[in-house]
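Engineer: Pasted the sequence and its predicted model underneath.
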Amino acid sequence: MSSGARKLAALVLLIAAIALGGAYLWARLHRGGPGDAFIGGNGRIEATEFDIASKLGGRVRDIEVEEGDVVAAGQVLAHMQVQTLEAQRDEARARQVQAGVGVGSAEAQVKVRENERDAAIALVAQRESEVDAARRRLRRSETLVREGAASAQEVDDDRARVLGAQAALAATRAQVQAAKAGVLAARAEVDAARSMVSAADATVARIEADLDDNVLVAPRDGRVQYRIAQPGEVLGPGGKVLSLVDLSDVYMTFFVPEVVAGRLAQGAEVHIVLDAAPEYVFPARVSFVASTAQFTPKTVETASERQKLMFRVKARIDRDLLRKHLAHVKTGLPGVAWVKLDPAADWPDGLALKVP
């Protein structure tokens, strides 16, 4: 047989195998099926997966759960080593205390500056009285000189006293302004010291938040799927430690033809039969219908080809039922999801709900 003939024979066998596989799949879906009012699709039980990761880089201290363990929301799963963070927190707390002492010192300085200001204001009143007294004495001396009862020297001395008293008053008023400026500066120091306290508080809060983040907890109920890291390993920021599945969000993904997908709506009733437990029928609801076809040919021109398009459908299993049987929920189990095409049809006995 020539090389070309062998290739042609192999191609024919491949096409035949695909056709037989499709026929087997269709027969499996519909063998003993409930009739044209229902259609089934093969799928596997799946659940939403999420990772437990370290926000900061560091060494894994311990992991408190094993693969397969069912965990509750808020349960501690692992710890990261935090000696460095604890030292930083202690240092930040010391600075916090120091900043508080600084506020007390700054407030005491405000009192000192206010006392200096008040004393300067009181001294201004005294200097004003001295100026008034010097002016009265000068006026008397000037009167006595005109009457010949005092000498010109006495008038000069009294005039000098007036000038001296005025100079002392001006100096005291300048002291008042300086004292007021000192009060403002002292109050600014208080504000700065309080800002230091706020900064120290924020630093302590940040470090304590980092410490909390190094205690890895389950954000919701789930089952440990994998231990990605082990105690002693050093991880970078965002390093994954565990992989979990959310047992409250369990669903089956299956495929239906285009004509069926167009008739399905979110919330439509679905009955699921698992290969591992064919005696039970589990309730579910359509939670997602793909807006685009799967396995779509690159070029779709004829109506017959368009009928071959398959759309992905997700059926979410009843959450209340899952909560009652968390320990028995297994992902990866194959089964068939049945949907009702005729709203008026009743579910046959073989597909009526039967739960543990």
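Structural biologist: Received, thanks. Keep in mind that this is a model prediction, so the values were computed, not measured. Residues are numbered from 1 along each chain as shown.
Engineer: How many neighbouring residues does residue 155 have?
Structural biologist: 19 (other Cβ atoms under 10 Å). From N, CA and C alone the C-beta is placed, and that goes for glycine too.
Engineer: need the contact list for it.
Structural biologist: Going by Cβ atoms under 8 Å, 6 or more residues apart in numbering, residue 155 touches 138, 141-142, 145.
Engineer: Same question for residue 109.
Structural biologist: By Cβ under 8 Å, 6+ apart, the neighbours of residue 109 are 186, 189.
Engineer: where along this structure do the strands fall?
Structural biologist: Assigned by DSSP state E, the chain shows strands spanning 38-53, 58-63, 70-71, 76-80, 215-217, 222-227, 234-235, 240-257, 269-274, 277-289, 310-317, 334-340.
Engineer: okay if I get those strands as a markdown table plus mean neighbour count, mean pLDDT and distance to residue 201?
Structural biologist: As requested, the strands of the chain are exported to a markdown table (neighbours: other Cβ atoms under 10 Å; pLDDT from 0 to 100; distance: least, Cβ to Cβ, whole Å):
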| stretch | mean neighbour count | mean pLDDT | distance to residue 201 |
| --- | --- | --- | --- |
| strand 38-53 | 18 | 90 | 28 |
| strand 58-63 | 17 | 94 | 25 |
| strand 70-71 | 18 | 90 | 34 |
| strand 76-80 | 19 | 95 | 24 |
| strand 215-217 | 16 | 95 | 22 |
| strand 222-227 | 19 | 92 | 36 |
| strand 234-235 | 15 | 94 | 30 |
| strand 240-257 | 21 | 89 | 31 |
| strand 269-274 | 21 | 90 | 54 |
| strand 277-289 | 16 | 89 | 46 |
| strand 310-317 | 21 | 89 | 46 |
| strand 334-340 | 20 | 90 | 56 |
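Engineer: And those: which comes nearest residue 126?
Structural biologist: When these are compared by Cβ to Cβ, strand 215-217 sits nearest residue 126, at 68.2 Å.
Engineer: packing partners for the closest one?
Structural biologist: strand 76-80 (3 or more Cβ pairs under 8 Å, 6 or more residues apart in numbering; DSSP states H and E).
Engineer: The strand it packs on to strand 58-63, inter-axis angle?
Structural biologist: 140 degrees (axes from the mean of the first three to the mean of the last three Cα atoms, to 10 degrees).
Engineer: same for strand 76-80, what does it pack against?
Structural biologist: Short answer (3+ Cβ pairs under 8 Å, 6+ apart): strand 76-80 packs on strand 58-63, strand 215-217, strand 240-257.
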